[in-house]
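**Student:** missing the sequence, but the structure's below:
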């Protein structure tokens with residue numbers, strides 16, 4: 001069957017756009033740090049009171065803020081985070097992580113072979129969804145009529161573990177990054193109008209209950225679904241939840257182009273200097289900034305600056 005790449009729309013977001021960081025509230029910071037460092041393999045880049053920044057080899061990935069008494073995240077009948085996805089460089093790296101994770105006391109992960117990737121799924125102590133995955137080479141991805149073909153079959157776990165060197169676990173490897181963010185939304189058409197029509201992400205796969213969009217021909221940087229959240233409202237404020245996620249743009253020109261589209265669509269946004277701050281139709285907070293955070297201190301400063309953004 002013939003394959004082809006999807007051409008981006010005229011108002012496309014810059015093809016070099018990537019996911020930056022994800023910020024979450026958690027009920028108990030010590031409990032969360034134990035999970036993310038021990039089970040997942042992140043390292044603490046900075047801790048300040050009730051907040052912490054975690055990453056891999058200098059790349060910042062995750063911001064945590066303690067909200068004592070926060071209820072666990074439940075996926076039913078609310079919009080917000082479905083999962084955030086940590087991308088490791090190779091299949092061997094994914095196998096090394098899985099071999100390590102299976103030695104912990106946390107529940108075994110779920111799994112899915114998505115044709116473009118192999119993914120393992122788990123939840124943190126507050127119920128936040130996490131995917132740890134590796135991509136297959138791009139030249140093996142199949143595109144039909146502009147849609148990337150993704151599946152949900154079982155992973156060859158034995159084969160994956162066989163590729164992974166049996167060596168001392170020292171954490172996730174250099175080159176690990178955030179590959180995508182998947183959100184629960186209330187309506188797919190509204191999600192497409194915002195993420196594709198305004199922000200400019202290219203639609204790479206869709207169904208009646210899910211939408212996948214990306215920049216630069218990736219299989220998806222953002223997933224959006226209504227599987228548990230059709231017509232739902234955002235999570236209550238006393239629930240551990242997504243505080244924001246950031247998009248890393250490659251240049252000031254790319255940032256200005258998004259700002260112009262937001263203004264043209266008459267959508268409110270704030271310019272915090274380091275970032276454009278916007279909310280999607282379900283009040284998910286999005287920060288658009290040029291490049292990665294220079295330091296954990298910068299990430300914490302911007303987190304504080306956006307705390308009251310409404």
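**Tutor:** Thanks, I have it. Just so you know, these numbers come straight off a predicted model, no measurement behind them.
**Student:** report the longest helix in the protein, please.
**Tutor:** The helix spanning the most residues in the chain, taking DSSP state H as the definition, is helix 252-264.
**Student:** Go through that one and flag the buried ones.
**Tutor:** Buried positions in helix 252-264, judged by neighbour count with 16 or more other CB atoms under 10 Å: 254-255, 257-258, 261-262. For every residue, glycine as well, the C-beta is placed using N, CA and C.
**Student:** Same check on stretch 79-97?
**Tutor:** By neighbour count, with 16+ other CB under 10 Å as the criterion, the buried positions of stretch 79-97 are 79-88, 91-97.
**Student:** What of stretch 33-42?
**Tutor:** With burial defined by 16+ other CB under 10 Å, the residues of stretch 33-42 counted as buried are 33, 35-36, 39-42.
**Student:** show me where the stretch 101-250 of the chain has strands.
**Tutor:** 110-113, 117-123, 129-135, 143-144, 147-148, 177-184, 202-206, 210-214, 222-225, 242-249 (DSSP state E, counting those that start in this stretch).
**Student:** What pairs with the fourth one, parallel or antiparallel?
**Tutor:** Each strand pairing with strand 143-144, determined using DSSP bridges, is listed with its direction: strand 147-148 (antiparallel).
**Student:** Centre of the chain to the strand it pairs with, how far?
**Tutor:** Its chain's average C-alpha position is 20 Å from that of strand 147-148, according to CA atoms, centre = their mean, to the nearest Å.
**Student:** So which residues make contact with that strand?
**Tutor:** Contacting residues not belonging to strand 147-148 are listed as 6, 116, 141-142, 204-206, 212, 219-220 [CB atoms under 8 Å, 6 or more residues apart in numbering].
**Student:** who does the longest helix of the chain touch, helix- and strand-wise?
**Tutor:** Helices and strands touching helix 252-264, by 3 or more CB pairs under 8 Å, 6 or more residues apart in numbering; DSSP states H and E, are strand 276-279, strand 285-290.
**Student:** quick one, it and strand 242-249 angle?
**Tutor:** Here helix 252-264 runs at an angle of 130 degrees relative to strand 242-249 (axes from the mean of the first three to the mean of the last three CA atoms, to 10 degrees).
**Student:** Skip ahead from helix 252-264 and say which helix or strand is next.
**Tutor:** Using DSSP states H and E, the next helix or strand after helix 252-264 towards the C-terminus is strand 270-271.
**Student:** ok, so of the contacts of strand 147-148, who is nearest residue 51?
**Tutor:** residue 220 (29.2 Å; CB to CB).
**Student:** Below-threshold pLDDT in the stretch 51-200 of the chain: ranges please.
**Tutor:** Of all residues in the stretch 51-200 of the chain, none has pLDDT under 70.
**Student:** could you redo the last one with a cut-off of 90?
**Tutor:** Segments of the stretch 51-200 of the chain classed as low confidence (criterion: pLDDT under 90) are 74-76, 165-168.
**Student:** could I get the contacts of strand 147-148 as TSV with neighbour count and distance to residue 286?
**Tutor:** Listed next are the contacts of strand 147-148 as TSV, based on neighbours: other CB atoms under 10 Å; distance: CB to CB, whole Å:
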residue	neighbour count	distance to residue 286
6	16	23
116	23	24
141	20	26
142	14	30
204	24	19
205	20	21
206	16	21
212	25	17
219	23	20
220	26	16
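**Student:** Going by distance to residue 230, which of those residues wins?
**Tutor:** Looking at the contacts of strand 147-148 and their distance to residue 230, the nearest is residue 206, at 15.3 Å (CB to CB).
**Student:** any idea how far residue 296 is from the closest one?
**Tutor:** From residue 206 across to residue 296, the span is 37 Å (CB to CB, to the nearest Å).
**Student:** swap in residue 186?
**Tutor:** According to CB to CB, residue 186 stands 34 Å off from residue 296.
**Student:** Restricted to helices, list the buried residues of stretch 33-42.
**Tutor:** Per DSSP H, the subset of these in helices is residue 33.
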